[in-house]
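1. Need the 3D shape of this:
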Amino acid sequence: MNFKSQRGRTKHIRTIHSYDHNNHICNDQVPASPQADSDFNDVHPDFEDESWDFADTYLGDHDADAPQPEPDHDQPIYGKIEHLYLFGRPCDAQGNPLPPGAAPPPRCTANDDWSPFSNQADFLLVDFLFHKECLSVDLGDTIPDDALSWAERSYQVWYCNPDAIIKNMLDNPDFHQQFDYAPHVSKDHCGQCKWQNFMSRNYAWCQCDKICNEDPSTEGATYVGIILGSNKTTVSVATRNVEYHPLYLSIGNPHNGVQHAHRNVVTPIGFLAIPKGTCQCYILYHASISAILQPLKPGMETPLIWRCPDGHYQQVIYNLAAYIADYPKQLMVAGIVQNWCTKCTALPEHLDGVRGQRTCEFMHTLVDTLSSDLLWDQYGIDSDIMPFTYDFPRTDIYVMLTPDLLHQVIKGTFKDHLVAWTEKYLAETEGEARKDVIMDDIDHCIAAVPAFMGLCRFPQGRCFKQWTRDDSKALMKVFLPAIAEYVPPQLIQCVATFLDFCYLVQRHEIREDTLMQIEEALAWFHAVREIFHESGEYGALNGLCSSITESRHITAVKQPWRHSNHFNALGQMLLTNQCLDKLGLAQVDFVARGMLPTTVLIPSRGHDSLHNTVDEEAIDEDILTEARVEMAQWQQWGYPRVLQDLAAYISEPSLPALTRQFLHNQMALDNSIPLPEIISPISVFHSTSTIFYTLSDLSGTHSVHREIIRSTPLWQRKDPQCDCVLIIEDDDKPGMRGMIVGQVKLFFSFSHEGQICPCALIEHFSRVGCGPDPNTGMWKVKSLLDRQKNRVQTVEHLDVIFWSAHLIPVFGNGPLPDDFHFSFSLDIFNSYYVNRYTDHHTFEIVF
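-> Numbering: from 1, shown residues only. This next block holds a predicted model:
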């Protein structure tokens with residue numbers, strides 16, 4: 001972003017951009033209605049931080065003046081409190097309400113109807129063709145030749161009917177039990193408010209109040225908040241001259257886990273025509289979006305009757321609720337001048353000065369009153385642009401615009417500020433020559449980070465020209481230990497606090513105590529970042545982030561383009577997407593009717609390209625109560641089956657004694673009893689899988705994820721990889737205080753008295769100190785040695801392995817050799833950081 005004062009912009013956003021409640025809740029400007037006089041003052045807390053209110057800014061207007069349901073003061077309030085009037089009441093196909101407990105009508109009476117396919121084999125063949133090869137279709141020459149100016153040209157805007165898209169989303173049984181039918185307020189048993197999915201935001205509640213005020217006959221309807229998103233993507237990397245501007249649509253009812261899994265809930269509905277090099281293209285942009293969304297307008301005024309994931313029919317009412325975009329795209333969508341704020345009218349050179357909240361009504365008044373020059377200079381408004389939201393009821397583009405975690409934090413603050421400022425700081429304090437030497441060694445440290453499942457490696461350090469979304473996220477996880485020995489503690493704490501903030505705001509469920517942690521992290525970041533004398537920006541909740549739409553670029557734009565003939569490819573791409581969406585809906589229907597097993601589920605469209613890696617994958621399982629570790633399905637052949645021979649083969653002479661001691665402990669035998677003998681054949685495995693909840697993008701509809709823990713002498717026929725794990729030592733102690741770290745040298749199993757014993761040979765690390773490092777916030781560990789200075793080893797049951805661990809060396813201030821290889825990193829350094837930023841799950845447990 002091209003703001004002149006990042007420090008001023010940060011203070012401006014932090015102190016000003018809690019929403020103007022009066023602009024989008026039921027207030028005195030909206031006539032009171034007995035159908036919408038709900039009040040939940042006692043359900044939501046009051047956040048009185050005058051400097052910044054995270055709950056107001058990102059969770060939506062939870063203040064004392066917002067309409068709230070009346071509580072029962074005699075009982076503590078907890079659980080979910082749904083909206084009193086738009087609560088999703090089931091009805092029949094004609095809209096008549098059903099009695100409570102009524103069963104939904106059957107979706108289909110025949111369980112052997114493969115229409116439009118003749119049989120299961122035909123369906124699986126088409127599935128293979130479109131997901132593995134993508135059929136190529138030639139639509140011919142449909143785009144006219146370019147004219148001399150954008151206004152004289154004819155543009156084709158390809159789009160799907162958004163009303164039909166939403167109907168299919170609502171009728172998807174794959175969303176059942178992961179779908180909200182009414183806005184709600186949630187409290188836990190301690191009385192703390194918690195916010196998780198879109199429908200728990202107060203914005204949805206307030207919009208329902210507005211709908212009830214305007215039309216009391218909508219009582220019992222289901223509120224469907226429509227989420228739009230747009231971004232530019234380039235498909236010709238070599239020439240960089242083929243750009244597309246897809247427009248994506250989603251709805252707020254499915255839970256965030258479904259949004260991240262992309263089970264046909266994030267869909268491209270159009271490709272916009274944006275001529276280059278002209279401001280007038282914005283007019284075409286808004287006209288195109290307005291035309292595409294016109295089929296939704298009747299559903300915003302009168303409820304429609306659609307079938308929902310639970311099989312019941314519902315009266316649904318639409319509302320344009322959110323627009324996901326980065327800052328340049330926000331300027332285009334809102335019609336705001338570069339460097340101005342899209343939320344208020346503060347001057348760009350004095351962002352913390354006098355300002356007014358932007359609303360559609362206020363902007364309309366200004367446009368009707370002032371000249372174009374005054375609007376441009378004093379309010380940052382491009383009067384030639386009329387936002388598309390003016391064509392739809394109860395819609396305000398300035399409220400719809402959501403903060404963007406990906407671009408504002410990960411790519412903005414981290415990439416453009418912290419990394420660059422660290423280099424500038426070293427140049428100012430050490431001089432250019434010494435700075436170059438230090439940065440080269442920092443790159444060597446980044447390249448020397450041990451491999452870890454699902455974590456991108458950087459063989460050249462941070463020296464790559466094009467930073468992608470995944471590059472920025474991966475570098476964040478390893479950057480801190482690499483710079484720790486070269487920069488002062490204040491700078492280290494600044495980066496560590498920033499990482500804490502990023503992971504806190506991405507939690508799938510935010511509670512009041514989480515808000516306090518977020519505010520503390522932000523306040524501390526602003527204190528320690530004074531070492532730079534500037535700062536960046538902050539982001540949004542993970543449910544409304546442009547990473548959701550950007551990840552769809554791969555399957556919705558880039559892969560269909562590659563499988564087209566590249567000539568007038570847009571029509572071919574949309575046909576491919578249309579066929580894939582229909583295949584997905586057919587597959588869901590066949591599975592719901594028991595005609596297909598769940599084992600042939602079509603992979604998540606949002607991450608097809610990631611399913612090629614065997615280190616991690618999204619899975620669709622029922623909700624887990626805890627993580628679990630499972631041995632690989634197939635054993636490795638070529639290893640000796642006798643324990644003593646295996647020990648000699650892998651050069652671990654203590655393996656037989658350690659295994660016998662393990663079995664002795666498992667059988668709870670008295671110390672006077674000799675160690676039992678192991679005579680059964682030994683099976684060796686190179687990996688185990690761990691299955692757990694995740695808050696990262698790659699997950700199934702229940703936010704369940706599988707990753708691999710490896711112990712193999714040759715990974716990808718190159719280097720050994722022996723991963724580290726967290727082992728439960730004391731269940732009564734929280735976090736790292738109740739766990740130890742070990743490196744897996746061997747996975748194996750044997751049988752004893754008819755019982756299979758899956759276990760692992762572990763080399764132990766011991767904790768350094770009684771708590772995390774005060775600067776990095778990470779625990780330190782070192783190799784645990786016996787009296788002969790050998791690493792302590794034990795054999796442990798697979799059940800005591802809680803989770804994988806990523807260790808990053810404490811590199812020290814000496815330079816690494818240029819030819820140092822990362823595969824030796826876990827063997828030669830004196831101490832290591834336990835990386836708590838590898839993923840969201842680790843961040844929650846390693847503290």
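2. and residue 819, that one's in a helix?
-> No: counting by DSSP: H, G, I helix; E, B strand; the rest coil, residue 819 is not found in a helix; it is coil.
3. The residue nearest to residue 847 when sequence neighbours are not counted: how many residues sit nearby?
-> Nearest residue to residue 847 in three dimensions, chain neighbours excluded: residue 735, at 4.2 Å (C-beta to C-beta, 6 or more residues apart in numbering). C-beta: built from backbone N, CA, C; applies to glycine. A count of nearby residues for residue 735, using other C-beta atoms under 10 Å, gives 15.
4. and what of residue 669?
-> Residue 669, neighbours per other C-beta under 10 Å, totals 13.
5. close enough to count as contact, residue 256 and residue 200?
-> No: the pair residue 256 / residue 200 is not scored as a contact, 10.2 Å apart, by C-beta atoms under 8 Å.
6. which SS class is residue 787?
-> Following three-state DSSP, residue 787 is assigned to coil.
7. where do the strands sit along the stretch 151-300 of the chain?
-> All strands of the stretch 151-300 of the chain, identified by DSSP state E, counting those that start in this stretch, fall at 158-159, 184-187, 193-195, 222-230, 233-234, 243-244, 246-251, 267-271.
8. pLDDT averaged over the fifth one - what is it?
-> Mean pLDDT, computed over strand 233-234, is 70.
9. and if you look at the third one?
-> Strand 193-195 carries an average pLDDT of 79.
10. Output the below-cut-off pLDDT ranges for the stretch 151-300 of the chain.
-> For the stretch 151-300 of the chain, the stretches flagged by pLDDT under 70 are 151-156, 234-242, 260-263, 273-281.
11. now with 80?
-> 151-159, 188-196, 201-202, 231-245, 256-264, 271-284 (pLDDT under 80).
12. ok, now the stretch 451-600 of the chain?
-> Scanning the stretch 451-600 of the chain for pLDDT under 80 picks out 454, 456, 459-473, 505-515, 518, 521-600.
13. the helices in it, which residues?
-> Taking DSSP state H, counting those that start in this stretch to define them, one finds helices in the stretch 451-600 of the chain at 469-483, 489-505, 512-528, 546-550, 552-553, 559-562, 569-592.
14. And the strands in the stretch 301-450 of the chain?
-> Under DSSP E, counting those that start in this stretch, the stretch 301-450 of the chain gives strands at 304-307, 313-324.
15. contacting residues around the spatially closest residue to residue 664 that is not a sequence neighbour?
-> In space, residue 664 comes closest to residue 675 once its chain neighbours are excluded; the distance is 5.0 Å by C-beta to C-beta, 6+ apart. The neighbourhood of residue 675, defined by C-beta atoms under 8 Å, 6 or more residues apart in numbering, consists of 657, 660, 661, 663, 664.
16. still on that earlier bit, do you know which of the strands of the stretch 301-450 of the chain lies nearest residue 815?
-> Nearest to residue 815 among the strands of the stretch 301-450 of the chain is strand 313-324 (43.7 Å), distances taken as C-beta to C-beta.
17. any idea of the angle the closest one forms with strand 246-251?
-> 140 degrees (axes from the mean of the first three to the mean of the last three C-alpha atoms, to 10 degrees).
18. Quick one: mean pLDDT for strand 313-324?
-> 92.
19. counting contacts, what elements does that strand pack onto?
-> The contact analysis (3 or more C-beta pairs under 8 Å, 6 or more residues apart in numbering; DSSP states H and E) places strand 313-324 against strand 90-91, helix 162-170, helix 202-214, strand 222-230, helix 297-301, strand 304-307, helix 397-400, helix 546-550.
20. Which pLDDT value belongs to the residue nearest to residue 847?
-> Looking at residue 735, its pLDDT reads 86.
21. I'd say it and residue 846 touch.
-> Yes: taking contacts as C-beta under 8 Å, residue 735 lies within contact range of residue 846: 6.4 Å.
22. give me the number of residues near residue 845?
-> If we define neighbours as other C-beta under 10 Å, then residue 845 has 17 of them.
23. from what I can see it touches residue 735, true?
-> Yes: using C-beta under 8 Å, residue 845 makes contact with residue 735 at a distance of 6.4 Å.
24. Residue 764 and residue 746: what is the separation?
-> 14 Å (C-beta to C-beta, to the nearest Å).
25. quick one, which of those two is more surrounded?
-> residue 746 (24 against 18).
26. ok, what's across the strand from the more buried one?
-> Taking DSSP bridges, one obtains residue 761 as the residues bridged to residue 746.
27. Contacts only, for it.
-> Contacts of residue 746 (C-beta under 8 Å, 6+ apart): 650, 652, 655, 684, 711, 760, 761.
28. Let's see the pLDDT reported for it.
-> 95.
29. what do you get for the one 3 residues further on?
-> With respect to pLDDT, residue 749 has a value of 94.
30. Where does it fall, secondary structure wise?
-> Here residue 749 sits within strand 739-752, counting by DSSP states H and E.
31. got the buried residues for that strand?
-> 739, 740, 741, 742, 743, 744, 745, 746, 747, 748, 749, 750 (16 or more other C-beta atoms under 10 Å).
32. Which phi and psi values does the nearest residue to the first one once chain neighbours are set aside adopt?
-> What it means is residue 739. Excluding the flanking residues, the one nearest residue 739 by C-beta to C-beta, 6+ apart is residue 726, at 4.7 Å. Phi and psi for residue 726, reported as degrees, to the nearest 10, are phi -100, psi 130.
33. So what pairs up with residue 726 in the strands?
-> With DSSP bridges as the criterion, residue 726 is bridged to residue 741, residue 803.
34. could you measure residue 189 against residue 523, distance?
-> In terms of C-beta to C-beta, residue 189 sits 29 Å off from residue 523.
35. Looking at those two, which is more packed in?
-> residue 523 (14 against 8).
36. ok, the more buried one to residue 500 distance?
-> Per C-beta to C-beta, residue 523 is found 12 Å from residue 500.
37. And residue 335, by the same measure?
-> For residue 335, the distance to residue 500 - C-beta to C-beta - is 36 Å.
38. Repeat that for residue 638.
-> Residue 638 is 46 Å from residue 500, where distance means C-beta to C-beta.
39. of those two, who's got more company?
-> The residue with more neighbours, out of residue 638 and residue 500, is residue 500; 21 against 6, by other C-beta under 10 Å.
40. picking that back up, for the residue nearest to residue 847, which residues are in contact?
-> Here residue 735 is in contact with 845, 846, 847 (C-beta under 8 Å, 6+ apart).
41. same thing with residue 662?
-> Contacts of residue 662 by C-beta under 8 Å, 6+ apart are 757, 759, 794, 795, 796, 797.
42. let's go with 10 Å and repeat that
-> Residues near residue 662 by C-beta atoms under 10 Å, 6 or more residues apart in numbering: 675, 678, 757, 759, 760, 761, 794, 795, 796, 797.
43. Report the secondary structure state of it.
-> Once three-state DSSP is applied, residue 662 turns out helix.
44. Need the CA coordinates for stretch 219-234. PDB is fine.
-> What follows is stretch 219-234, C-alpha atoms only, in PDB (Å, rounded to 0.1, in the frame of the first residue of the first chain):
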ATOM      1  CA  GLU A 219     -40.600 -14.100  10.500                       C
ATOM      2  CA  GLY A 220     -39.200 -17.600  10.500                       C
ATOM      3  CA  ALA A 221     -37.100 -17.100   7.400                       C
ATOM      4  CA  THR A 222     -33.500 -18.200   7.000                       C
ATOM      5  CA  TYR A 223     -31.000 -15.400   6.600                       C
ATOM      6  CA  VAL A 224     -28.400 -16.000   3.800                       C
ATOM      7  CA  GLY A 225     -25.500 -13.600   3.900                       C
ATOM      8  CA  ILE A 226     -23.800 -13.400   0.500                       C
ATOM      9  CA  ILE A 227     -20.000 -13.100   0.600                       C
ATOM     10  CA  LEU A 228     -18.300 -11.800  -2.600                       C
ATOM     11  CA  GLY A 229     -14.600 -11.700  -3.400                       C
ATOM     12  CA  SER A 230     -12.500 -10.700  -6.300                       C
ATOM     13  CA  ASN A 231      -8.800 -10.600  -7.200                       C
ATOM     14  CA  LYS A 232      -6.600 -10.600 -10.200                       C
ATOM     15  CA  THR A 233      -4.700 -13.700 -11.200                       C
ATOM     16  CA  THR A 234      -2.200 -14.300 -14.000                       C
END
